[in-house]
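Visitor: next one to model:
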Amino acid sequence: MDIEQVIAHRQAKVERWRARGVDPYPPRFRRTHTAREAVAALVEAERRGSPPPAVTVAGRIVAMRQMGRATFIDLRDGSGRLQTYHRLDALGEEAYAALDDLDLGDFLGVEGEMFRTRTGEPTVQARAYTLLCKALRAPPEKWHGLQDTETRHRQRYLDLMVNEEVRERFRLRQRIVQAVRRYLDERGFLEVETPVLQPHAGGAAARPFVTYHNALERHLYLRIALELYLKRLLVGGYERVYELGRVFRNEGVTGRHNPEFTMLEAYQAYADYTDMMELTQGMIVQAAREALGTLQVPCGDTVIDLTPPWPRVSLREAIRQHTGIDIEALRDAAALREAAATVGLAVDPVWDWAKLVDELLANFVEPRTLQPTFVVDYPVELSPLAKAKPGAPGLVERFELFLGGREIANAYTELNDPLEQRRRFQEQARRRAAGQEEVETADEDFLVALEHGMPPAGGLGLGIDRLVMVLTGQSSIREVVLFPALREKGTS
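Guide: I've put the predicted structure just below:
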């Protein structure tokens with residue numbers, strides 16, 4: 001049958017339930033046990049030699065098997081799957097006949113006593129049942145798994161309905177997030193919330209989403225980072241703050257990029273980027289231990305070893321190791337452009353020196369760095385919010401953590417000199433005028449805040465989605481975001 005026929009067939013069953021005086025969508029149902037709890041109650045009764053426990057369970061129908069004057073119905077709830085057994089002589093002719101108007105995908109409540117079948121399977125001997133929700137559409141044909149990627153991502157509820165490993169992955173994501181929060185809370189960090197709609201899209205070099213607020217009569221931007229408001233809180237007197245929230249970037253959609261994603265940013269007064277390395281390493285190690293129970297994480301044909309300490313390598317040396325190019329020996333953009341082209345980088349003629357360095361890092365270092373590695377000490381041109389590294393002209397105290405072939409985290413010793421910050425914003429404006437779209441924009445209110453004085457501090461940004469990708473062995477961000485952004489159906 002096509003979908004219209006299926007819906008019509010099931011709608012007819014809805015009307016038959018109503019003709020019996022049964023509401024096919026009752027407002028409530030009180031269950032006493034989940035599927036897992038019902039099985040545990042049976043095991044405990046068997047251990048004690050007690051009578052079988054009476055239970056009231058509920059779940060979605062995932063299988064139905066009629067065997068003469070009896071019918072087996074399998075229910076699945078959030079804890080697992082449980083078999084129920086419906087006999088004609090126990091239910092009566094009318095109630096038993098009404099089982100014909102149940103379908104896969106319906107929700108059903110069942111009351112009865114637990115027992116074991118001859119094969120030993122825990123089962124509810126039904127003495128009554130209640131239709132809780134009549135599904136008008138059939139579930140995917142293969143209850144053992146929905147394989148079509150397009151359907152899985154567009155209709156995530158079907159993916160979750162039939163793929164237990166997907167449901168477990170998102171439970172695992174929550175355990176990772178909880179571990180990250182707990183790690184910071186235990187170290188005295190205060191979790192805060194800052195504006196999603198902002199007058200300036202600052203804190204990162206990215207293209208923002210823009211909207212118009214009618215009452216304020218002004219354009220606002222969906223935040224591209226959490227940084228500038230969190231640093232205002234350091235100015236205000238908080239010494240350890242963090243936010244875990246959504247940020248939005250109006251850029252490409254790839255296996256590693258979603259227009260909205262979850263970011264953690266944390267700021268600590270009287271700390272620097274080496275303190276942030278220790279914080280990052282400890283936080284990820286704790287998350288892996290709590291969520292996975294191991295520091296050995298499968299990654300394709302290899303295993304990522306999260307055992308600390310993690311190595312630290314300068315950005316200059318990392319690029320030299322993977323390309324043979326010494327970026328400091330080629331400070332002229334034309335010379336670096338020529339060298340980058342010889343190693344296979346598709347070079348855009350408008351890229352300046354800083355953009356070329358960033359592309360060499362992204363194309364040759366990042367994808368080849370599987371084991372956790374801190375790449376440190378970046379050119380100032382790439383890091384307008386980071387403090388200069390003493391004794392190293394042109395470099396700032398910044399690191400990025402690469403793990404599983406991805407950038408996972410980014411951190412600085414934060415720049416707190418308001419005059420230098422203003423100068424760097426002006427330099428970013430010159431780069432934008434020269435055609436570089438993804439550069440930092442100036443935020444005058446943030447500069448005013450810095451002029452009131454911000455203590456020395458370290459700051460960290462960590463991509464939660466990418467961390468979950470690594471810890472769950474996924475190559476696409478769409479597998480760790482419940483409802484990823486997709487092109488309109490039917491477009492390429």
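
Visitor: check which element follows the helix ranked longest in the chain along the chain.
Guide: Under DSSP state H, the helix in the chain containing the largest number of residues is helix 164-185. Counting by DSSP states H and E, the element after helix 164-185 in chain order, helix or strand, is strand 190-191.

Visitor: mean confidence (pLDDT) on that following strand, please.
Guide: Averaged across strand 190-191, the pLDDT comes to 98.

Visitor: which secondary structure elements does it sit against?
Guide: Here strand 190-191 touches helix 164-185, strand 240-248, going by 3 or more Cβ pairs under 8 Å, 6 or more residues apart in numbering; DSSP states H and E. Using the backbone N, CA and C atoms, a C-beta is placed for each residue, glycine as well.

Visitor: burial measure for residue 1, as a count.
Guide: 9 (other Cβ atoms under 10 Å).

Visitor: quick check: domain ranges of the protein?
Guide: The chain breaks down into these domains under automatic domain parsing: 3-139, 160-311+371-479.

Visitor: what is the neighbour count of the residue lying closest to residue 134 once chain neighbours are set aside?
Guide: Sequence neighbours aside, residue 24 is the residue nearest to residue 134 in space, at 4.2 Å (criterion: Cβ to Cβ, 6 or more residues apart in numbering). Residues near residue 24, counting by other Cβ under 10 Å, number 18.

Visitor: what strand or helix carries residue 24?
Guide: Applying DSSP H and E, one finds residue 24 in no helix or strand.

Visitor: what sits against the closest residue to residue 248 other than its chain neighbours?
Guide: Computed as Cβ to Cβ, 6+ apart, the closest residue to residue 248 that is not its neighbour in sequence is residue 222, at 3.9 Å. Residues in contact with residue 222, defined by Cβ atoms under 8 Å, 6 or more residues apart in numbering, are 196-198, 201, 208-211, 247-248.

Visitor: which PyMOL command selects the buried ones in those?
Guide: Buried members of the contacts of residue 222, identified by 16 or more other Cβ atoms under 10 Å, are gathered into one PyMOL selection as follows:
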select buried, resi 198+201+208+247+248
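
Visitor: what about the contacts of residue 222, which are in helices?
Guide: Members of the contacts of residue 222 lying in helices (criterion: DSSP H): none.

Visitor: what would the contacts of residue 222 look like in a markdown table with distance to residue 37 and pLDDT?
Guide: Converted to a markdown table, these look like this (distance: Cβ to Cβ, whole Å; pLDDT from 0 to 100):
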| residue | distance to residue 37 | pLDDT |
| --- | --- | --- |
| 196 | 40 | 96 |
| 197 | 44 | 95 |
| 198 | 47 | 93 |
| 201 | 49 | 84 |
| 208 | 48 | 91 |
| 209 | 45 | 93 |
| 210 | 50 | 95 |
| 211 | 47 | 94 |
| 247 | 40 | 95 |
| 248 | 41 | 95 |
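
Visitor: now, among the contacts of residue 222, which is nearest to residue 354?
Guide: The closest of the contacts of residue 222 to residue 354 turns out to be residue 201 (Cβ to Cβ; 19.6 Å).

Visitor: ok, so what distance separates that closest one from residue 370?
Guide: According to Cβ to Cβ, to the nearest Å, residue 201 stands 33 Å off from residue 370.

Visitor: next one, pLDDT for residue 441 please.
Guide: The predicted local confidence for residue 441 is 66.

Visitor: which residues of the chain score low on pLDDT?
Guide: 142-145, 434-441, 490-492 (pLDDT under 70).

Visitor: let's check: the centremost residue of it is which one?
Guide: residue 465 (3.7 Å; Cα atoms, centre = their mean).

Visitor: quick one, the helix or strand encompassing that one and helix 164-185 angle?
Guide: Element membership for residue 465 (DSSP H and E) is helix 464-472. In terms of direction (axes from the mean of the first three to the mean of the last three Cα atoms, to 10 degrees), helix 464-472 departs from helix 164-185 by 120 degrees.

Visitor: so what touches helix 464-472?
Guide: Contacts for helix 464-472 (Cβ under 8 Å, 6+ apart): 169, 172-173, 176-177, 180, 244, 256, 258, 261-264, 284, 287-288, 291-292, 297, 299, 304, 403-404, 406-408, 474-477, 479-481.

Visitor: out of the residues you listed, which end up buried?
Guide: By 16+ other Cβ under 10 Å, the contacts of helix 464-472 give 169, 172-173, 176-177, 180, 244, 256, 258, 261-264, 284, 287-288, 291-292, 297, 299, 304, 403-404, 406-408, 474, 477, 479-481 as buried.

Visitor: select from the residues you listed every entry located in helices.
Guide: Using DSSP H, those in helices are 169, 172-173, 176-177, 180, 284, 287-288, 291-292.

Visitor: show me the two of the residues you listed that sit farthest apart.
Guide: Greatest spatial distance in those: 169 and 284, 17.9 Å, computed using Cβ to Cβ.

Visitor: that older thread, residue contacts, the residue nearest to residue 134?
Guide: Contacts of residue 24 by Cβ under 8 Å, 6+ apart are 14, 17-18, 131, 133-134.

Visitor: wait, which of the residues you listed is closest to residue 84?
Guide: residue 131 (13.4 Å).

Visitor: so which elements touch the helix or strand where that closest one lies?
Guide: Using DSSP H and E, the element containing residue 131 is strand 122-133. Using 3+ Cβ pairs under 8 Å, 6+ apart as the contact test, the elements touching strand 122-133 are helix 35-48, strand 54-67, strand 80-87, helix 88-91, strand 107-116.

Visitor: which strands and helices sit next to the first one?
Guide: What that stands for is helix 35-48. Secondary-structure packing of helix 35-48 (3+ Cβ pairs under 8 Å, 6+ apart): strand 54-67, strand 70-77, strand 80-87, strand 107-116, strand 122-133.

Visitor: identify each buried residue in it, please.
Guide: Applying 16+ other Cβ under 10 Å to helix 35-48 flags 35, 37-39, 41-42 as buried.

Visitor: format the CA atom coordinates belonging to that helix as PDB.
Guide: Taking C-alpha atoms only, helix 35-48 is exported to PDB below (Å, rounded to 0.1, in the frame of the first residue of the first chain):
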ATOM      1  CA  ALA A  35      10.500  -2.700  30.800                       C
ATOM      2  CA  ARG A  36      13.800  -3.000  32.600                       C
ATOM      3  CA  GLU A  37      12.200  -2.600  36.000                       C
ATOM      4  CA  ALA A  38       9.600  -5.200  35.200                       C
ATOM      5  CA  VAL A  39      12.300  -7.800  34.300                       C
ATOM      6  CA  ALA A  40      14.300  -6.800  37.500                       C
ATOM      7  CA  ALA A  41      11.200  -7.300  39.600                       C
ATOM      8  CA  LEU A  42      10.700 -10.800  38.100                       C
ATOM      9  CA  VAL A  43      14.400 -11.700  38.800                       C
ATOM     10  CA  GLU A  44      14.100 -10.500  42.400                       C
ATOM     11  CA  ALA A  45      10.800 -12.500  42.900                       C
ATOM     12  CA  GLU A  46      12.500 -15.600  41.600                       C
ATOM     13  CA  ARG A  47      15.500 -15.000  43.900                       C
ATOM     14  CA  ARG A  48      13.200 -14.700  46.900                       C
END
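
Visitor: quick one, that helix and strand 107-116 angle?
Guide: Relative orientation of helix 35-48 versus strand 107-116 (the same axes, to 10 degrees): 20 degrees.
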